[in-house]
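Chemist: the following comprises the amino acid sequence and a computationally predicted model.
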Amino acid sequence: MTEQPWIIVGYVNVLPHIKEFAPGSVIVIDEPDVIRKSEVKNALENATMLRELIEWEYQLPASADEFYNTYPDLDPAVVAPLVEYATPFAARLAERYGLPGAGAGAAQIMRDKSLLRRVTRAAGVLNPASREVESVAEVREFAATHPGSLVLKPADRQASVGTKVLHSLDGLDAAWTECVSQDEGNRVPDRERELRMLVEQYVHGDEFSVELLVREGEVLFSNVTGKLLYPGPRPIELAHTIPAAGISDELSALLIARTEAVLRAVDFGSGMVHCEWIVSDGRPYLVECAGRFPGDGIPMLIEEAYGINLAGAFYTVMLGNRPEPLPRTAVGGAAVRFLEATPGEVVSVDGLEEAQGLPGVLSISLPLQAGDIVPELSSSWDRVGSVTARGATSADALRNAEAVAAAVRITTV
């Protein structure tokens, strides 16, 4: 093969189906433990896009520079991350090969919530009060000077792992133990990883995310996504609406402008950005910001709502080119609604056929079957399934998705 390969860091299950990948064009890099535990070799066995699967401990320090010096003549056309933990490696590797990317400095800041708070706060972006803590005693010290509800969270994890809202200090010792005891299963390597915890003031308000496609610091596309959470102390997404349902044009513009301020603060280069906000009394507070595609099916919903090929535009940017102009407004609405089930052993899953025939259905993802175990909801990985739907507006799409979710019945004991 003589064509330049595309390097994709981090396996996700949609990878073999991305239509922008030509046959034999993609080198996939992932952690050896993840490849083994997630059976990535089997998943990619018949993937026509695959050129090579390289096992590499990419989450270790200097791993991108080590990879570059091991494969100096690889001459890729693209280096892009598909998972959160891959963003620093991909950004540094792109730099070494002279390709567009987030920039190693920006990617490292955005992967570390503590650093991101320091850097963006200095740039005038509103952040909740926050500090790193190593013990329950330090949490209590913070609480003494910051009355009200608190949030415990890791500085460098994903999918709300280890995150919990505390409305009082009752049971703090148990909450601390719960939050520092993290298991991401087959999504992370087996080796021990450093854990740094944060305690933050809880900000009450509506939650949103902003998705931007950026080329050399220039925003080419923007979207604001609305977010609903499951009830309870874990801030886990129950639904997303695209574009955000019920939001004013003024607030949408403000959220986009604040996200651009975050990117200037970290000196972000090129790529996709997913930045989360809580709006309290009309003021957006930064939650976190990721230099990658969002999860939860948001990219597909953006493509549906705006009538665009977002992935195609992204890879055009990562190739160093400028895509055709993208629309500023949506042509319809789209939503994802995650399913709910009582923890326990699954007895039956009913109503799927009825649900498939309801208005606006785009997809239903429900891998559960009798005998499976539904766990307590402690992170996004514990959600049992989802439905996506379209509508004339995002509010219509959410109503359609909720009707589909209501038609699916998961019985557990």
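Modeler: Yes, it's here.

Chemist: switch to C-alpha atoms for all contacts and neighbour counts from now on
Modeler: Noted.

Chemist: now do the longest helix belonging to the chain: distance to the chain's middle.
Modeler: When the chain is parsed with DSSP state H, its longest helix is helix 249-266. With C-alpha atoms, centre = their mean, to the nearest Å as the basis, helix 249-266 stands 18 Å off its chain's centre.

Chemist: ok, now stretch 130-143?
Modeler: Computed by C-alpha atoms, centre = their mean, the chain-centroid distance of stretch 130-143 equals 27 Å.

Chemist: how about it, which residues are buried there?
Modeler: For stretch 130-143, burial by neighbour count (16 or more other C-alpha atoms under 10 Å) applies to Ser130, Arg131, Glu132, Val133, Val139, Phe142, Ala143.

Chemist: likewise stretch 197-209?
Modeler: Buried-residue list, stretch 197-209, by 16+ other C-alpha under 10 Å: Met197, Leu198, Val199, Glu200, Gln201, Tyr202, Val203, Asp206, Glu207, Phe208, Ser209.

Chemist: returning to what we had before: Throw the buried residues of stretch 130-143 into JSON lines and include distance to Lys164, thanks.
Modeler: As requested, the buried residues of stretch 130-143 are exported to JSON lines (distance: C-alpha to C-alpha, whole Å):
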{"residue": "Ser130", "distance to Lys164": "14"}
{"residue": "Arg131", "distance to Lys164": "15"}
{"residue": "Glu132", "distance to Lys164": "15"}
{"residue": "Val133", "distance to Lys164": "15"}
{"residue": "Val139", "distance to Lys164": "13"}
{"residue": "Phe142", "distance to Lys164": "16"}
{"residue": "Ala143", "distance to Lys164": "15"}
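
Chemist: determine which two of these are furthest apart.
Modeler: Greatest spacing in the buried residues of stretch 130-143, by C-alpha to C-alpha: Glu132 and Ala143 (12.8 Å).

Chemist: name the residues contacting each of the two.
Modeler: Contact with both Glu132 and Ala143 is made by no residue, according to C-alpha atoms under 8 Å, 6 or more residues apart in numbering.

Chemist: which residues are contacting stretch 218-226?
Modeler: Contacts of stretch 218-226 (C-alpha under 8 Å, 6+ apart): 207-214, 240-245, 252, 255-256, 302, 325-328.

Chemist: mind doing that once more with 6 Å?
Modeler: For stretch 218-226, the surrounding residues in contact (C-alpha atoms under 6 Å, 6 or more residues apart in numbering) are Phe208, Ser209, Val210, Glu211, Leu212, Leu213, Val214, His240, Thr241, Ile242, Pro243, Ala244.

Chemist: now, the buried residues of stretch 130-143 that are in strands?
Modeler: Among the buried residues of stretch 130-143, DSSP state E puts Ser130, Arg131, Glu132, Val133 in strands.
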